[in-house]
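[1] Provide a 3D model corresponding to the input given below.
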Amino acid sequence: MGKVRLTTAQALIKFLNQQYIHIDGKEFPFVEGVFAIFGHGNVLGIGQALEQDPGHLKVFQGKNEQGMALAAMAYSKQMLRQKIYAVTTSVGPGSANLVTAAATALANNIPVLLLPADTFATRQPDPVLQQVEQEYSAAVTTNDALKPVSRYWDRITRPEQLMSSLLRAFEVMTDPGKSGPATICIAQDVEGEAYDYDEKFFEKRVHYVDRKAPVDRELQGAAQLIKNSKKPVILVGGGAKYSQAKNILVELSEKHNIPLVETQAGKATVGSDFRNNLGGMGITGTLAANKAARESDLIIGIGTRYTDFATSSKTAFDFEKSKFLNINVSRLQAYKLDAFQVVADAKLTLEQLVPLLEGYETQFGREIAELKEEWLTERKRLSEVTFTRENFEPEVKNNFTQDVFNEYADALNTELAQTTALLAVNDTVAPDSVIITSAGSLPGDVQRIWNPTVENTYNVEYGYSCMGYEVSGALGAKLATPNQEVYSLVGDGSFLLMHSEFITAIQYNQKVNIVLFDNSGWGCINNLQMENGSDSFYTEFRTHNNEILNIDYAKVAEGYGAKTYSVNTVDGLKAALEDAKQQEVSTLIDIKVLPKTMTDGYESWWNVGVAEVSHKDSIQKAFDARKQKLELAKQY
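    Numbering: from 1, shown residues only. Next up is the predicted model:
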C-alpha cells in the first residue's frame, strides 16, 4: 500500500474532498465547502491546506464564528441534511463562539462539521495565546465547552488520530437517526505536523443512507392502532420532511380522511393548500390544528421530537382517550409520550402501511374542511387588522393602553400591525421563495399564518429558537437554493444580536432579502412578561430618559452596500418587495410595526416558571392559573 506525506490539515482537506453520500440511487459529494475565519491556531494549518489545494471545496470568509456556523447549519437544513459545509475557527474565543451554533444544530439534528483549532499538543508554549487554564487539569481547553453540544466530539493530538476520528464523525453525520454536529478539535501544532498517510485513506468513500424498513410487528401494530381509532391526527415533524414523505402523506390523508398538523420543522413538507393540512399545532399553532388534536384519539407522530411548543407543554391532547403512534428513525424520539414505536424511515413506513389500511376511514367527515375554513376566515381577519391613534381597542392587552400605543405610533411613525405586514409579504413574494426565521414572535406568526404552497420553502429554526439564525441562515439557504429568492424575517432584537453574515452575503454576491420587523424591543418576551402579571421591565428599547429608540436600520444596511427601503404602510411594503425582486444585490426592508400586534395563542398554553411569591396580585393570579393548567399536563 502506498503512502503520501501530508500535514494533518492537508490530509483533512484531501479527505473531505473524497466523501460522497448515496441516497435513493443518487450519489454526490457530501461536503460542499468550508466557512472560515482564519486566526491564531488555524491560519497556518487548515488555512495553508486550503490555499494549497482546496479541491472542489468552496471557501467562504465568515465574519463571526457563530454566524458562519449557523449559515452552514441552514444550508444543511435546506439541503435536507444531504450536504454540509465544514466550519474552521481559530483557537480560544473563535472556538468558543461556536458553542451556540453547535447547540442549535444539535437541537435540530442537523449535520455540520466543526473544526475549532486547539492549543499545543506539546504544551511547550503553554499557556499559549487565547488559552484558558484550569487548576484541576492541564488537558482542559475552551473546546471542552463544545462536548455537551456536539453529537460527536474528539481532540486530535497526533496526526494519525485524524483517520479514525474522521470516519467516526462522518458515520454520525450521515446517520439520520443521530445526525448532528461533529466537532474535531485539532491542536494547532499538529495541524502543521506531517505524517505518512495510507493512500487508501483518500480514496473515494461513499456513505450509504439506506432507508430503514419497519419490521412486520411494527407495521401490524401501527395498522391496528389506526384502524381502531376514530379520529386520528398525523403530526408531521421534521423527520417527515427529511424523509421526503410528501406524496405518501397526501395519499394517506386523502384516502382515509386523516387531518395533517405540523411542527415548525415539519411545515412545508406538504403545501398549505392541501385540503387536509390544518397547519401548525401547539402554542404557535392554528385554531384548526389545535381543535383537531384535542378531539383526536390517536396522534401519529412522524419524525417529531414533541417539543413543548408542539404539544402546548403536553396539554394539547386529551390523555384520557388519546393514544400515540410514533414513526421515527431515532429510537429515543420514538419512545416519547409512551407511544407505540416504529423505529424506521417515515416515507418507507407509510408506503408499507397504506395497503394494510384498505377500507378504513376516519369519522371526521366534513369536519376537517370546516375547521380549515374557520381558520382561513380568522387568517383573513388578521390580514386586515388596522389600528389608529384614535382607536386601539378592542385589541388592547397586557396594560398596553391607548396612550402607550400612541407613544409608539408617534416614535416609530407607524400604525402598521405586524400580522398585516407579514401577510402582505406572504401575498407578494414568489411562491417558491424560501423564508428564514427563528426567534421572537415571528416564528409563532409564520407557523400560524404563513402559507407555503411549495415544498421545502420554510426554513424556520425553532428547535433551539436561536436569535441570530435569521440573517445567518439566509446566507446558508441561498447557497442551497441559488435560483430562488430567500427572505429573512427578523425582528429588530435578533438583528441587533447578529447580522454579520449579511455582509458575507453581500461580499460574495449571494442575494438575500432581509425583512426587518422593528417594534423597538423584544416584543415576544415583553408579552410573556406582562401576560404573567409583571410590568414591562427592560424588554423595550428605550433611552436613558425613557424615550423609545427609533433606529434607521435601512441606513445601517445601506452602509454595507445593500439596497434598502423604509416602510410603514402595506402599500409601501408591497412596492418595496416588488422592487427588491428586481435587484441583483442583497436588500433590506425596514418595516416599522406596532408592538402587541402579533398573533396570539389559539386554545394553547405554555408552561413557564412564574414566581410563587410576589407582592403583585397579578403575578399571584398568574401562578395560580399555571398551577391549574399543570394538573392537565402529563410527565412523559
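[2] tell me the domain ranges of the protein?
    What automatic domain parsing lists as the domains of the chain is 3-208, 216-372, 384-592, 608-636.
[3] got a markdown table for those, with mean neighbour count, mean pLDDT and distance to residue 378 too?
    All C-beta atoms are positioned from the backbone trio N, CA, C, and that covers glycine. Listed next are these as a markdown table, based on neighbours: other C-beta atoms under 10 Å; pLDDT from 0 to 100; distance: least, C-beta to C-beta, whole Å:
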| stretch | mean neighbour count | mean pLDDT | distance to residue 378 |
| --- | --- | --- | --- |
| domain 3-208 | 20 | 97 | 29 |
| domain 216-372 | 21 | 97 | 6 |
| domain 384-592 | 20 | 93 | 9 |
| domain 608-636 | 13 | 87 | 23 |
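[4] and those domains as JSON lines, adding distance to residue 600?
    Listed next are the domains of the chain as JSON lines, based on distance: least, C-beta to C-beta, whole Å:
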{"stretch": "domain 3-208", "distance to residue 600": "26"}
{"stretch": "domain 216-372", "distance to residue 600": "10"}
{"stretch": "domain 384-592", "distance to residue 600": "8"}
{"stretch": "domain 608-636", "distance to residue 600": "15"}
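[5] what's in contact with stretch 348-363?
    Residues outside stretch 348-363 that contact it (C-beta atoms under 8 Å, 6 or more residues apart in numbering): 211-214, 218-220, 222-223, 226-227, 229-232, 243, 245, 248-249, 251-252, 255-258, 302, 327, 342.
[6] roughly how far is it from the heart of the chain?
    Mean-position distance between stretch 348-363 and its chain equals 31 Å (C-alpha atoms, centre = their mean, to the nearest Å).
[7] ditto for stretch 340-354
    That offset, for stretch 340-354, works out to 25 Å (C-alpha atoms, centre = their mean).
[8] mind telling me what element the residue lying closest to residue 70 once chain neighbours are set aside is part of?
    Nearest residue to residue 70, sequence neighbours excluded (C-beta to C-beta, 6 or more residues apart in numbering): residue 472, at 3.8 Å. Assessed by DSSP states H and E, residue 472 sits inside helix 469-480.
[9] also residue 537?
    Counting by DSSP H and E, residue 537 is part of no helix or strand.
[10] that one against residue 530, yeah?
    No - using C-beta atoms under 8 Å, residue 537 is not in contact with residue 530, being 9.1 Å away.
[11] which stretches of the stretch 51-200 of the chain form strands?
    58-61, 84-89, 112-118, 152-156, 181-187, 194-198 (DSSP state E, counting those that start in this stretch).
[12] TSV for the ones you listed, including distance to residue 67?
    As requested, the strands of the stretch 51-200 of the chain are exported to TSV (distance: least, C-beta to C-beta, whole Å):
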stretch	distance to residue 67
strand 58-61	11
strand 84-89	10
strand 112-118	13
strand 152-156	22
strand 181-187	15
strand 194-198	33
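[13] what about those strands, which gets the closest to residue 1?
    Minimum separation from residue 1 across the strands of the stretch 51-200 of the chain (C-beta to C-beta) falls at strand 194-198, 5.5 Å.
[14] the closest one: what's the following helix or strand?
    Sequence-wise, the next helix or strand downstream of strand 194-198 (DSSP H and E) is strand 205-208.
[15] partners of that following strand in the sheet?
    strand 19-23 (parallel) (DSSP bridges).
[16] between strand 84-89 and the partner strand, find me the angle.
    Interaxial angle, strand 19-23 versus strand 84-89 (axes from the mean of the first three to the mean of the last three C-alpha atoms, to 10 degrees): 150 degrees.
[17] quick one: residues in contact with strand 19-23.
    27-31, 82-83, 170, 174, 204-209.
[18] restrict that strand to CA atoms and write it as CSV.
    C-alpha atoms of strand 19-23 as CSV (Å, rounded to 0.1, in the frame of the first residue of the first chain):
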residue,chain,number,x,y,z
GLN,A,19,-16.6,12.0,0.9
TYR,A,20,-19.8,11.1,-1.0
ILE,A,21,-23.3,10.3,0.1
HIS,A,22,-25.7,7.8,-1.6
ILE,A,23,-29.4,8.3,-1.1
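[19] and that strand, how far out from the chain middle?
    24 Å.
[20] tell me the contacts of the closest residue to residue 502 other than its chain neighbours?
    Counting by C-beta to C-beta, 6+ apart, the nearest residue to residue 502 once its immediate chain neighbours are dropped is residue 471, at 5.0 Å. By C-beta under 8 Å, 6+ apart, the contact set of residue 471 is 67, 488, 490, 494-495, 498-502, 512, 514.
[21] now with 6 Å, please.
    488, 499, 502 (C-beta atoms under 6 Å, 6 or more residues apart in numbering).
[22] out of these, which are inside helices?
    Members of the contacts of residue 471 lying in helices (criterion: DSSP state H): residue 502.
[23] which ones are touching residue 197?
    Going by C-beta under 6 Å, 6+ apart, residue 197 touches 4, 6, 11.
[24] which helix or strand contains the last one?
    Secondary-structure element containing residue 11, defined by DSSP H and E: helix 8-16.
[25] go on, the second one?
    Assigning secondary structure by DSSP H and E places residue 6 in strand 3-7.
[26] and that strand, which strands flank it?
    Sheet partners by DSSP bridges: for strand 3-7, these are strand 194-198 (antiparallel).
[27] using PDB, write down the CA coordinates of the partner strand.
    The C-alpha coordinates for strand 194-198 follow below in PDB (Å, rounded to 0.1, in the frame of the first residue of the first chain):
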ATOM      1  CA  ALA A 194       3.400  15.800   8.700                       C
ATOM      2  CA  TYR A 195       2.700  12.100   8.600                       C
ATOM      3  CA  ASP A 196       2.900   9.300   6.000                       C
ATOM      4  CA  TYR A 197      -0.800   8.500   5.500                       C
ATOM      5  CA  ASP A 198      -2.000   5.400   3.600                       C
END
